[in-house]
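Asker: what would the 3D arrangement of this be:
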Amino acid sequence: MQSKVLLNLLDEVVQEKKVNSLFLNRYKNLLAPKFSIFSYFRTDELILSNILADLLDPQGSHGQDYLFIKKWIELRKNGLDESWQKINLDQSKITVKLEEKNWRLDTLRRMDILIEIFCHGEKYALCIENKPFASDQKNQLKIMLTSWSNATPTNGN
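Answerer: Sure thing, here's the model as predicted:
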């Protein structure tokens, strides 16, 4: 009796598969069920950094001026130094750099995204390490902060 139930179930599956195949063949031009616009996009670190950098740049192609950088900072203000509270982004000069060199005595590392904000004679910076498919290297952010903080215009940074 159990084998009869299994045979009936298999017959139903075969029929469903035939109906599905007929449907796909009939409507594939209209519905394109296998098509996804996202299959054309790469999702590697550099592409994601380019997208994020463009959105955070007030001069980015999005045409939204300071909207995205304001929201980004607003979402992170609790974790930022108190001096960030006085920044008026509308009166700031902001530069967004990709793959910014970060010199250190024994190695060369790059920051995925560096955002520099110049406001009322003060300089602020945000470093974004984009790690969609990898973990941080040992002390990576600490090393970057130290070497970037010690950088001067005369040593290449």
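Asker: low-confidence regions, this structure specifically.
Answerer: Applying pLDDT under 70 to the chain picks out residues 1, 37-38, 101-109, 132-136, 140-141, 143-157.
Asker: where do the helices sit along it?
Answerer: Along the chain, the segments classed as helices by DSSP state H run 2-31, 45-56, 67-76, 140-149.
Asker: closest one to residue 120 among these?
Answerer: Closest approach to residue 120 among the helices of the chain (C-beta to C-beta): helix 67-76, 15.9 Å. For every residue, glycine as well, the C-beta is placed using N, CA and C.
Asker: got a list of what the closest residue in space to residue 87 that isn't next to it in sequence touches?
Answerer: Using C-beta to C-beta, 6 or more residues apart in numbering and skipping the chain neighbours, the partner closest in space to residue 87 is residue 119 (5.0 Å). By C-beta atoms under 8 Å, 6 or more residues apart in numbering, the contact set of residue 119 is 87, 88, 89, 91, 92, 93.
Asker: comparing the helices of the chain, which comes out most buried?
Answerer: The highest average neighbour count among the helices of the chain, using mean count of other C-beta atoms under 10 Å, belongs to helix 45-56 at a mean of 16.
Asker: brilliant, that's me finished.
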